[in-house]
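Enquirer: sequence plus predicted model, see below.
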Amino acid sequence: MSVLAYLVAVWLLLAGIYGVVTSRHLVHLVTCLSVAQASTYVLLLAIGYRSGAQAPIFGDIPQSTPVVDPVVQALTLTDVVVSATVSALLLAIAVQAHKRFGSVDPDELNALRG
Amino acid sequence: MSRQVRCGLALVALAALGATLVVAVGGLEPFGHYPGPYGDVLAKVVPGERHEGQLVAATVLDYRGFDTLGEELILFTAACGCVALLRLRRRERGSDLPAHERPLPSFAARAVGGALVGPVLVLAAYVVIHGHLTPGGGFSGGVIGAGALVLAYAAGQRVRLRRVGSIAMLETAEAIGAGGFAALALGGLLAVGATMQNFLPLGTSGMLLSAGTIPVGNLAIGIEVAGAVALIVAEFLEQALLEERPEADHSSQDAGLDAPRR
């Protein structure tokens, strides 16, 4: 079971990409992209996890206590922010696409281009 | 390429990618056995160097602070991009309905939303200014603060975001936050010779006013994130209003034939 958390990350990535490829709605597509991005949070946090260790905050615990890795948690924070901004931008573009093409089906946007 | 062919190709590619990744994660350290060394190094040096125990905040705002500067500018740019994309549409529809002709949300939404706006703002401020002591900080606190705007919207208090200048206020908050964080980075460069280096008194570990530049950075990020997220949400809400407006126009005109306007 020592790789289960990593396999969750792999599964999230694959499920997210599958959703993007088969999507029939731009908002659904953006959500699927968020799912794929969520795999990186799971992977990063899983790498930094240490069995039985505390959260990396020395407020009430002595400094000798083993703690999980704060670096990957900071990376995950960056990741979440970037993911949210990407989603916001893509949704704004989806609004524009709906305005211009009258459709939110990625296939139809493709057909209208030519 | 037809849909079937594309999905078939995607399944083959995903199977290959999945198999590769499964092999790859098999070579990682077993789950729960973090090998170090960076986290352990930080756990040793942060309390002494920064007089604070929140290692994640110290990583985000000092040891990887330059990266956070870039991240914050990503957020800033993305918010500008959203506004630019969505504002193109805003001009396309005619004048707004006067406030009293807009349908009011239900009493429950108004009561709960209105009652929660104040406490949510207090919570956001708490999370931001205690970011160097407890879990939280500028990013999470800023998002909570932007949530207060959504509550205000649900409560029907928002209405004329554009006219009362709220949008301009949000833009200003975003700019002040981003500029403040950049100034903090620059301050370290000018005062001590390295970007993001601490140049404020460190104080006593565990106190509210301690850890030098970290709480100041949290405050700047909190203002910026709250402004940026609220701005993005406000622009999307404005879109929703534009979509609804034609129906509202008809109903008010129909009503106007029979009954005098309020």
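Expert: Done, it's in.
Enquirer: CA atoms for contacts and neighbours, from now on please.
Expert: OK.
Enquirer: how far out from the middle of the chain is stretch B:204-222?
Expert: 19 Å (C-alpha atoms, centre = their mean, to the nearest Å).
Enquirer: now stretch B:130-144
Expert: So, by C-alpha atoms, centre = their mean, the centroid of stretch B:130-144 is 11 Å from its chain's centroid.
Enquirer: ok, stretch B:3-13 next?
Expert: 36 Å.
Enquirer: do the same with stretch B:219-232
Expert: 5 Å.
Enquirer: any idea how far residue A:38 is from residue B:129?
Expert: 28 Å (C-alpha to C-alpha, to the nearest Å).
Enquirer: compare these two and say which is more crowded by neighbours.
Expert: Between residue B:129 and residue A:38, residue B:129 has the larger neighbour count (other C-alpha atoms under 10 Å in any protein chain shown), namely 23 against 19.
Enquirer: who does the longest helix along chain A touch, helix- and strand-wise?
Expert: In chain A, with assignment by DSSP state H, the single longest helix is helix A:70-101. In terms of contacts (3 or more C-alpha pairs under 8 Å, 6 or more residues apart in numbering or on different chains; DSSP states H and E), helix A:70-101 is packed against helix A:26-48, helix A:106-113, helix B:38-50, helix B:55-58, helix B:65-90.
Enquirer: could I get the fourth one in CSV with only the CA atoms?
Expert: Provided in CSV are the C-alpha atoms of helix B:55-58 (Å, rounded to 0.1, in the frame of the first residue of the first chain):
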residue,chain,number,x,y,z
LEU,B,55,7.4,26.8,8.3
VAL,B,56,5.1,27.0,5.3
ALA,B,57,4.6,30.7,5.7
ALA,B,58,8.4,31.1,6.1
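Enquirer: for it, packing partners?
Expert: Taking 3+ C-alpha pairs under 8 Å, 6+ apart as the contact cut, helix B:55-58 packs with helix A:70-101, helix B:38-50.
Enquirer: tell me how far that helix lies from the chain's centre.
Expert: 19 Å.
Enquirer: what is the rounded mean pLDDT of that helix?
Expert: Average pLDDT, helix B:55-58: 85.
Enquirer: what are the contacting residues of it?
Expert: By C-alpha atoms under 8 Å, 6 or more residues apart in numbering or on different chains, the surrounding residues in contact with helix B:55-58 are A:56-58, A:70-71, A:73-74, B:42-43, B:46, B:50, B:52, B:131-132, B:137, B:214.
Enquirer: what's the answer for the first one, then?
Expert: Residues outside helix A:26-48 that contact it (C-alpha under 8 Å, 6+ apart) are A:5-6, A:8-17, A:19-20, A:23, A:68-73, A:75-76, A:79-80, A:83, A:87, A:90-91, A:94, A:104-106, B:29, B:31-32, B:34.
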